[in-house]
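Chemist: Mind folding the following:
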Amino acid sequence: MKARTRSFTVTAIASATVLFAAGCSKQETIISSQLEMIRSWTDGQLNNNIVYSEVASGVYRTVFFPEDGRNTPSIASGDSLYVWYEIYPFSSSFSRTAATPIYTNKRAKMPDNIRWDDNVLKIRLGDGSLLRGVEKSLEGCALSDTVSVILTSNNAYGKIQMQQLPPNTPVIWYVDIEKVIKNE
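Modeler: Down below sits the predicted model:
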């Protein structure tokens, strides 16, 4: 009887391992496909002189500087920021002017039938109040910058449905930095 139980246990463990590996493989394929799509889209932005750089695995950013230059110190972890933001589902055909945000605190960008919190968001950079990739993308920026951040789904909301955003959907954030209070 013991040999039979042991054989069943080994078979069950092997089956579970195969199922787990298949699940990982599917998720890895999704992320790999998203990375390819993001890289292709960001390469296309070079025609508009917009350069995205990878700040973390699966996190890409570009910074739009104010026309009057950057005369303020760079933002670092621990600094307090006041920001306006827009979040969109990302696809290979993404266009900010044609897209509807899945969330924003900018009243002018809210869909007609929806009212979200339209107050400026105050955060302390590094406290985890934003997605880690978004926080990482804000480091080194400055007052009045606009930061565009593209995240693969595993860096965004993952396998969960977030409002009208389906699971495993990459997102793009636009963050306008309105105020910076340096951590002294």
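Chemist: Every contact and neighbour count from this point should use C-alpha atoms.
Modeler: Noted.
Chemist: how close does Ile123 sit to Lys106?
Modeler: Distance from Ile123 to Lys106, counting by Cα to Cα, to the nearest Å: 16 Å.
Chemist: brain fart, Tyr157
Modeler: Distance from Tyr157 to Lys106, counting by Cα to Cα: 21 Å.
Chemist: When these two are compared, which one has more neighbours?
Modeler: Tyr157 (19 against 15; other Cα atoms under 10 Å).
Chemist: what residues are up against that one?
Modeler: In this structure, Tyr157 makes contact with 167-169, judged by Cα atoms under 8 Å, 6 or more residues apart in numbering.
Chemist: Tell me the buried residues within these.
Modeler: Neighbour counting with 16 or more other Cα atoms under 10 Å marks 168-169 as buried within these.
Chemist: ok, so of the contacts of Tyr157, who is nearest Glu135?
Modeler: Nearest to Glu135, judged by Cα to Cα, of those is Thr169 at 19.2 Å.
Chemist: Surely the closest one touches Gly158?
Modeler: Yes - Thr169 is within contact range of Gly158, at 7.4 Å (criterion: Cα atoms under 8 Å).
Chemist: which regions of the protein lie under the pLDDT threshold?
Modeler: Across the chain, the ranges flagged by pLDDT under 70 are 1-24.
Chemist: all strands of it, in order?
Modeler: Along the chain, counting by DSSP state E, strands occupy 53-56, 59-64, 80-89, 103-104, 121-124, 146-151, 171-181.
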